[in-house]
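Colleague: All I have is the shape, not the residue letters:
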């Protein structure tokens, strides 16, 4: 605890010195971060392979490439983001000028998740650095090799008096939450998110919670065979492609009309075989379950007899290798745990409906998801999904790609979290937008002061409704 407090004192002193407010410092740190992932790419590949069994292509796509893109974007846009924004003021305040200036919050704490242990650690750090903060990064102990990599190499490349990596388990996390922070950014489960939020409330610390939820896919009836094939590939990519389904924005379940379900299921089975071979448990293209605890949790979902009876593809498990093959379930009981809790694994329930319009009511009957995916060419259905449901985001005719768009905010709503980041939104998340108003000493509008009378009431009433010219006419008696 003493070492932790000394480290925080150093971070506070660094922030107090003003060094991190300088654009040159921020750019140097971003360049150093880019250099780090370039120099140590092979070590990152190896750490991700050890922790999660990720293939290097998947590791680059979902981890290294994401960080490089994000850091380069922040580096290129930093001066624009930092520049004060002019504000248009009412003529009543003339002569005056207003602007909004983004200033760093201070010392921020970032909790990373284990499923994308590099990108979900360093992507928020990029926003915090770009905004001029000092940072404590707490990697997930459930991805130990990646946590070790971050603890070893981040201090060698970045300013170690401003950015610190603190490893350890839940006990260290609890100690960190006892401290006073200027911002906490957490990625993880709703259960731990509640703990974080409760601890933050003691100091009125602002928080961003990036949680999860049961992200649905709506598959409308598609007439074109090529569209159906693309849909199925993208559903598979969004379910088993990201860390074997262990992703907060991964596909959780599919909603499809009963008459169209056989076509989708048949193509799912064929494409799974094409992607992962006859024996997916031996494939190098699918990640393993992170640990025995999560493997046991997923196994428990399948042990429910009614759920087991709904399995129409896959279902085999290898506890020694921590592998569960891609598994499809058709209409499991809606009150079973697999349909009430986030799956976070390679199990895909397919729920059939009489009419695809029923998907909106189905989604609305459950907690708000982090994202909704919908494959449809029906513009009316698209408008209904956007206007009649609530989710962190909506993506039409694809899965997962919204995460890689720096121009779009990423975040949840309701139980799926709150706050947003990526690109400029990350900068804003770790900044305070300070309003600055500067006025002249002349003219002085006396009606704003007592003693009050009817004229002053009329003047103030006009002041809220009309522009400065009309106020002058009123003051000169030329307007009633």
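Modeller: That came in fine, so what should we check first? As the structure is a computational prediction, the values presented were derived from the model and not from experiment.
Colleague: Now residue 190: closest residue in space, sequence neighbours ignored.
Modeller: Residue nearest to residue 190 in three dimensions, not counting chain neighbours: residue 211, with 4.9 Å by C-beta to C-beta, 6 or more residues apart in numbering. The C-beta positions use only the backbone N, C-alpha and C, and glycine is treated the same way.
Colleague: dump the residue contacts of the one you found.
Modeller: By C-beta atoms under 8 Å, 6 or more residues apart in numbering, residue 211 lies in contact with 187, 188, 189, 190, 193, 248, 370, 412, 415, 416, 417.
Colleague: Same question for residue 218.
Modeller: Neighbours of residue 218 in contact, by C-beta under 8 Å, 6+ apart: 255, 256, 356, 359, 372, 373, 374, 375, 376, 385.
Colleague: at 6 Å instead, please
Modeller: The contact partners of residue 218, taken as C-beta atoms under 6 Å, 6 or more residues apart in numbering, are 255, 359, 374.
Colleague: Mind checking which of those land in strands?
Modeller: The strands, defined by DSSP state E, take in 255, 374 from the contacts of residue 218.
Colleague: Take the contacts of residue 218 and, keeping just the buried ones, write it as a PyMOL select command.
Modeller: Selection of buried members from those for PyMOL, criterion 16 or more other C-beta atoms under 10 Å:
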select buried, resi 255+359+374
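Colleague: ok, the contacts of residue 218 vs residue 37, which is closest?
Modeller: Of all the contacts of residue 218, residue 374 has the smallest distance to residue 37: 34.0 Å, by C-beta to C-beta.
Colleague: what is the closest one paired to in the beta sheet?
Modeller: Following DSSP bridges, residue 374 is listed with bridge partners residue 218, residue 396.
Colleague: thought it was touching residue 398?
Modeller: No - between residue 374 and residue 398 there is no contact under C-beta atoms under 6 Å: 9.9 Å.
Colleague: related to what we said a few turns ago, pLDDT score assigned to the residue nearest to residue 190?
Modeller: Among the per-residue scores, residue 211 shows a pLDDT of 94.
Colleague: Quick check: it vs residue 271, distance?
Modeller: Here the criterion is C-beta to C-beta, to the nearest Å. By it, residue 211 lies 30 Å from residue 271.
Colleague: for residue 26, same thing?
Modeller: In this view, residue 26 and residue 271 are 45 Å apart by C-beta to C-beta.
Colleague: who has more neighbours, those two?
Modeller: Neighbour totals were compared for residue 26 and residue 271, and residue 26 leads with 23 against 17 (other C-beta atoms under 10 Å).
Colleague: That one: what's it in contact with?
Modeller: Residue 26 is in contact with 129, 130, 132, counting by C-beta under 6 Å, 6+ apart.
Colleague: give me that answer again for 8 Å
Modeller: Counting by C-beta under 8 Å, 6+ apart, residue 26 makes contact with 20, 78, 129, 130, 132.
Colleague: Could you look up the SS state of it?
Modeller: The three-state label given to residue 26 by DSSP: H, G, I helix; E, B strand; the rest coil is helix.
Colleague: Next one: it from residue 290, what distance?
Modeller: The gap separating residue 26 from residue 290 is 34 Å, by C-beta to C-beta.
Colleague: same deal with residue 38?
Modeller: Going from residue 38 to residue 290 by C-beta to C-beta gives 27 Å.
Colleague: what about the two, which has more around it?
Modeller: Taking other C-beta under 10 Å, residue 38 and residue 290 do not tie; residue 290 has more neighbours (23 against 10).
Colleague: Now the phi/psi pair for that one, please.
Modeller: For residue 290, the backbone dihedrals are phi -60, psi -40 (criterion: degrees, to the nearest 10).
Colleague: just residue 205 next, same as before
Modeller: For residue 205, the backbone dihedrals (degrees, to the nearest 10) come out as phi -80, psi 130.
Colleague: Spatially nearest residue to it (excluding sequence neighbours)?
Modeller: residue 181 (5.1 Å).
Colleague: what do you get for residue 312?
Modeller: residue 330 (4.9 Å).
Colleague: just to revisit the earlier point, residue 402: which of the contacts of residue 218 is nearest?
Modeller: Nearest to residue 402 out of the contacts of residue 218 is residue 374 (C-beta to C-beta; 12.5 Å).
Colleague: wait, what's in contact with residue 127?
Modeller: By C-beta under 8 Å, 6+ apart, residue 127 lies in contact with 74, 421, 425, 426, 427, 429, 430.
Colleague: Secondary structure and distance to residue 61 added to these, as TSV?
Modeller: Shown next, in TSV, are those (DSSP: H, G, I helix; E, B strand; the rest coil; distance: C-beta to C-beta, whole Å):
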residue	secondary structure	distance to residue 61
74	helix	20
421	strand	19
425	helix	22
426	helix	20
427	helix	24
429	helix	24
430	coil	26
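Colleague: I'd like those as TSV, with pLDDT, neighbour count and distance to residue 216 appended.
Modeller: Conversion of the contacts of residue 127 to TSV gives the following (pLDDT from 0 to 100; neighbours: other C-beta atoms under 10 Å; distance: C-beta to C-beta, whole Å):
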residue	pLDDT	neighbour count	distance to residue 216
74	98	26	32
421	96	25	23
425	97	17	24
426	98	29	27
427	98	25	31
429	98	23	27
430	98	29	31
